[in-house]
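Visitor: Sequence and predicted structure are below.
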Amino acid sequence: MKIEIGAKKPDNFTSYWDGQYDIFSHFEYACGIPHLLFAVTTVKENGKPNVCFNSWSCFSGDSDGFFAVMSGISKWGHTYKNIIRTGEFVINFLEKDYFDACVNTINDNSDDADEFAAGGFTAELAKTVSCPRIN
């Protein structure tokens with residue numbers, strides 16, 4: 001199942017109390033769920049797609065924006081460098097069936113590697129940023 005939630009609160013997100021979505025971002029309710037794994041996707045400096053297998057992060061937001069605190073992304077890795085360079089990334093919440101594919105991207109993550117191909121993923125361009133997302 002694929003669900004996309006953008007900057008505008010979906011109409012089916014009804015308020016449980018007055019001002020709920022004025023104080024808290026709708027993303028708090030969309031992403032504030034337990035997750036086993038996710039993949040951060042970016043574009044490397046040479047144009048190759050990058051996949052960064054991740055977990056143990058924090059997602060939070062309010063009316064000023066949505067924030068992802070990804071402590072597992074090292075400032076020495078190319079994912080961090082890609083995000084700093086372009087300011088763009090996609091967070092892909094995945095099912096457990098993708099675990100082995102994500103591990104394959106770790107085993108083949110050189111600067112020249114197409115990490116989508118390494119994981120057997122199909123890339124799809126995200127709607128609002130110039131990064132691939134896992135389809």
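Guide: On my side now, so go ahead. Every value quoted in this text rests on a predicted model; they were computed, and no experiment measured them.
Visitor: check contacts around the residue sitting nearest the centre point of the chain.
Guide: Computing the C-alpha centroid of the chain and ranking residues by C-alpha atoms, centre = their mean puts Ile91 first, at 0.5 Å. Residues in contact with Ile91 (C-beta atoms under 8 Å, 6 or more residues apart in numbering) are 38-40, 68. Where C-beta positions appear, they are placed from N, C-alpha and C, glycine not excepted.
Visitor: What residues are bridge-paired with it?
Guide: Note on Ile91: beta-bridge partners Val40, judged by DSSP bridges.
Visitor: now Phe116: how far from Ile23?
Guide: Note on Phe116: its distance to Ile23, by C-beta to C-beta, to the nearest Å, is 38 Å.
Visitor: pLDDT below threshold where in this structure?
Guide: Along the chain, the model assigns pLDDT under 70 to residues 1, 31-36, 56, 71.
Visitor: relative to its centroid, which residue of it is most remote?
Guide: Going by C-alpha atoms, centre = their mean, the residue of the chain most distant from its centre is Asp18, 30.1 Å out.
Visitor: which phi and psi does that one have?
Guide: phi -60, psi 130 (degrees, to the nearest 10).
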